[in-house]
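Enquirer: have a look at this prediction, sequence included:
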Amino acid sequence: MVELTPVEQLVVDAMKQLGATKDTAIKTADDIAKKCNRPKGMVANTLVTLMQKNVIKRIAREKASGYYILAAQ
């Protein structure tokens, strides 16, 4: 299992609460930032590090990209 920082864990927990656990239930950075009550910039940076650790996946869309958790964390 990948070691997560407290902020990364907060973002993953928010994504779980939002139900972003599969590619058909993706959430935007805005949704995640509102849920975990953190600035969008901080959440966006954290999403990038989580993608690099292969914890989440990003799906590019026309308006806003969506994110979901890859495996049970």
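Expert: Thanks, I have the structure now.
Enquirer: which parts of this protein are helices?
Expert: Assignment of helices within the chain using DSSP state H yields the ranges 6-18, 29-36, 40-52.
Enquirer: so how far is residue 30 from residue 68?
Expert: In this structure, residue 68 lies at 15 Å from residue 30, with Cβ to Cβ, to the nearest Å as the measure. Backbone N, C-alpha and C define where each C-beta goes, glycine included.
Enquirer: quick one: residue 28 and residue 46, what's the gap?
Expert: 14 Å.
Enquirer: who's in contact with residue 7?
Expert: Contacts were defined as Cβ atoms under 8 Å, 6 or more residues apart in numbering; by that measure residue 7 touches 38, 42, 46.
Enquirer: where in this structure is pLDDT low?
Expert: Counting by pLDDT under 70, the chain contains low-confidence ranges at 1, 71-73.
Enquirer: if we use 50, what do you get?
Expert: Where the chain drops to pLDDT under 50, the residues are 73.
Enquirer: from the centre of this structure, point out the most distant residue.
Expert: In the chain, residue 62 marks the outermost C-alpha relative to the chain mean, sitting 18.4 Å out by Cα atoms, centre = their mean.
Enquirer: residue 28 and residue 46: which is more packed in?
Expert: With neighbours defined as other Cβ atoms under 10 Å, residue 28 and residue 46 compare such that residue 46 has more, 24 against 17.
Enquirer: tell me, how many residues neighbour residue 18?
Expert: Based on other Cβ under 10 Å, the number of other residues close to residue 18 is 20.
Enquirer: same check on residue 61?
Expert: Counted with other Cβ under 10 Å, residues neighbouring residue 61 total 10.
Enquirer: got it, and residue 50?
Expert: Each residue near residue 50 was counted by other Cβ under 10 Å, and the total is 26.
Enquirer: name the nearest residue to it, sequence neighbours excluded.
Expert: Nearest residue to residue 50, sequence neighbours excluded (Cβ to Cβ, 6 or more residues apart in numbering): residue 56, at 4.6 Å.
Enquirer: next, work out how far apart the residue farthest from the centre of the chain and residue 52 are.
Expert: Using Cβ to Cβ, which is the criterion applied here, residue 62 is 25 Å from residue 52.
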